[in-house]
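**Q** just to be clear, the model below is a prediction. Sequence and coordinates:
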Amino acid sequence: MVDELFELEQPTSVKAIDRARQGPENFLLRALDFVDLIKCLRVCASTSGGVDALGGTGVAVVRLVSPSHRGVARNCNYRVHLRGYGSGFLARLAMQNNVHFDGKYETVTIVRTAFDQRRVAVSKKQSNESSRNNRRAFLKSSGAMTAAFIGSTALPKLPAAAAAPTPADSPRHEAMPTRNLGKTGHKVGIFSLGGQAALEHAHNEDVAVPVVEKALDLGVNYIDTSSIYGGPERWSEQYVGKVMKHRRSEAFLATKTKERTRDGSMKMIDTSLKLLQTDHIDLWQLHDIGTMTDINEIFAKGGAMEALLEARDQKIVRHLGITGHYRPDALIEAIHRFPFDTILMAVNAADPHHFSFSEQLLPLAVEKQMGIIGMKVPARGRLLSTWTPPSLEEQKHMWEGMVPAPTAGTLNMRQAMYYSLSLPVSTVIIGCDSIAQLEENVNLARDFTPLSQQQMATLTEKAQPVAKQSLFFRFYERG
């Protein structure tokens, strides 16, 4: 078996090769490109019941977790060594499902301690052909999930006991690629429905409810809303609730509290449960963490964190998260103070130009193995070339008008969405004004393949002229 595999050229691999030759339970595989790496992990995922990503410095470790063999988890490890790709294509793909990497790399290697009896032997001819010809074809055929280690619906289906139940796990949803939502045990589609746009408008049931229904029909299994979407009447939660009343099992349901006190937040969740017509929320989030004032109030005695923990203890919420789009510092502090399950953050192609979230916050969330939800992908249209700017006078009366936008954006929707999905996020939420918009976004998600480092850099540069208007939410005064 070992002779059929590729030995590493690095001197540090000699001992590993020797160990592999000493018995059939160990072997080492040189993956000539990332496609072969994914093929190996596909076999592993299909036979060992699950995958859990861990971190390491310079070494990404993917631990296989079998529900019936948890005591020997040490015997089912992949050590994935990445050399020479830096923040480029392969290393970024390694991060896609929260596998941490550090430094610069130029080869890809898997060191596997065999758990199951199945083996992967990639011939040199096959691997060379894969390197030259098959990368793009394989990525697309495997669900176009940025070639993530784990989480694609195109990968062999795991046994039911291997992971927490995924909402809407039925054949009609197979076309929507999925990723792991951090350590929650849930897999979510890479496109998710945002709770604004049609869902935040008053008396808009005839439009909003069909959008939610159609989203579930198309395989969307994560729905975002908030206690403040739609004003005091909370129209967004109302519309979502009309669908949850009869389709609750099909969605991972997320809502938020903007209150900073325990009592205020408990009132919020009580109303959310009633409006959403459910007895539990999958993810309850602290809404819009932007300043240290927010942090101090939330973590103070009688603060909102007490409500989150109490609600989780009562099992009316399953997971806890934070959200933000203003500046990264307060969110970073929140993550250091408490092990939140998820973070909802603004990441679009303009992000690197002003108060970047992707520079420090995103890598920290990856390191903490959080579920990462991207938002503000088209920046309420301001990043898109198809957007028609309202008059500057009209903009003065809009939330977005804090940064006047005299011109349309510079990207199309495909470019905007693919940029965000090429980051190590679990999913992106986008609000839709109509079923046509929803269908367009779902189709883009189904066709997604990750952008290269150069392609992402090109889009960032292209977004620069409209960067400030596309990051309007980072330019208003806060206490």
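**A** Thanks, I have it.
**Q** which helices and strands does the longest strand seen in the chain pack with?
**A** Ordering each strand of the chain by length in residues (DSSP state E) puts strand 317-324 first. When contacts are defined as 3 or more C-beta pairs under 8 Å, 6 or more residues apart in numbering; DSSP states H and E, strand 317-324 sits against strand 281-286, helix 304-313, helix 328-337, strand 342-346, strand 371-375. Every residue, glycine included, has its C-beta placed from N, CA and C.
**Q** ok, how many other residues are close to residue 256?
**A** When neighbours are counted by other C-beta atoms under 10 Å, residue 256 registers 27.
**Q** now do residue 399, the pLDDT please.
**A** pLDDT for residue 399: 80.
**Q** how close does it get to residue 349?
**A** From residue 399 across to residue 349, the span is 21 Å (C-beta to C-beta, to the nearest Å).
**Q** out of those two, which sits in the more crowded spot?
**A** Higher neighbour count among residue 399 and residue 349: residue 349, with 30 against 10, using other C-beta under 10 Å.
**Q** residues contacting the more buried one?
**A** 383, 411, 415, 416, 419, 420, 456, 459, 460, 462, 463, 470 (C-beta atoms under 8 Å, 6 or more residues apart in numbering).
**Q** ok so it is a strand residue?
**A** No - judged by DSSP: H, G, I helix; E, B strand; the rest coil, residue 349 forms no part of a strand; its state is coil.
**Q** for the protein, name the helix or strand with the lowest mean pLDDT.
**A** One helix or strand of the chain scores below all others by mean pLDDT, DSSP states H and E: strand 51-54, with a mean of 28.
**Q** now residue 185: how far from residue 446?
**A** Counting by C-beta to C-beta, the gap from residue 185 to residue 446 is 24 Å.
**Q** show me the shaky parts of the stretch 151-300 of the chain.
**A** Applying pLDDT under 70 to the stretch 151-300 of the chain flags residues 151-174.
**Q** how about the strands in it?
**A** 178-180, 187-189, 191-193, 222-224, 252-257, 281-286 (DSSP state E, counting those that start in this stretch).
**Q** could the ones you listed be laid out in JSON lines, adding distance to residue 437?
**A** Shown next, in JSON lines, are these (distance: least, C-beta to C-beta, whole Å):
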{"stretch": "strand 178-180", "distance to residue 437": "21"}
{"stretch": "strand 187-189", "distance to residue 437": "16"}
{"stretch": "strand 191-193", "distance to residue 437": "11"}
{"stretch": "strand 222-224", "distance to residue 437": "16"}
{"stretch": "strand 252-257", "distance to residue 437": "20"}
{"stretch": "strand 281-286", "distance to residue 437": "24"}
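**Q** residue 271 is nearest to which of the ones you listed?
**A** Of all those, it is strand 252-257 that lies closest to residue 271, at 10.0 Å by C-beta to C-beta.
**Q** what residues does that closest one touch?
**A** By C-beta under 8 Å, 6+ apart, strand 252-257 touches 167, 181, 186, 188, 195, 221-228, 237, 240, 244, 264-265, 268-269, 272, 276, 278, 281-287, 304, 307, 321, 323, 344.
**Q** who does it pair up with?
**A** Using DSSP bridges, the strands paired with strand 252-257 are strand 222-224 (parallel), strand 281-286 (parallel).
**Q** and those strands, which is most packed in?
**A** Ranked by average neighbour count under the criterion mean count of other C-beta atoms under 10 Å, the strands paired with strand 252-257 are headed by strand 222-224 at a mean of 29.
**Q** which other residues reach that strand?
**A** Residues contacting strand 222-224 (C-beta under 8 Å, 6+ apart): 167, 181, 188-189, 192-195, 212, 215, 240, 251-255, 344, 373, 427, 429.
**Q** one more pass at 6 Å, please.
**A** 188, 192, 193, 194, 195, 240, 251, 252, 253, 254, 427, 429 (C-beta atoms under 6 Å, 6 or more residues apart in numbering).
**Q** can you lay out these as CSV showing distance to residue 299 and neighbour count?
**A** Output for these, formatted as CSV (distance: C-beta to C-beta, whole Å; neighbours: other C-beta atoms under 10 Å):
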residue, distance to residue 299, neighbour count
188, 28, 27
192, 28, 27
193, 31, 28
194, 28, 26
195, 26, 26
240, 29, 29
251, 30, 24
252, 26, 26
253, 26, 25
254, 21, 28
427, 27, 29
429, 26, 23
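**Q** residues near residue 294, how many?
**A** Residues near residue 294, counting by other C-beta under 10 Å: 24.
**Q** buried stuff in stretch 403-415?
**A** 403, 405, 408, 409, 410, 411, 413, 415 (16 or more other C-beta atoms under 10 Å).
**Q** for the helices and strands packed on strand 317-324, give me a markdown table that also has distance to residue 205.
**A** Output for the helices and strands packed on strand 317-324, formatted as a markdown table (distance: least, C-beta to C-beta, whole Å):
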| stretch | distance to residue 205 |
| --- | --- |
| strand 281-286 | 22 |
| helix 304-313 | 28 |
| helix 328-337 | 34 |
| strand 342-346 | 26 |
| strand 371-375 | 24 |
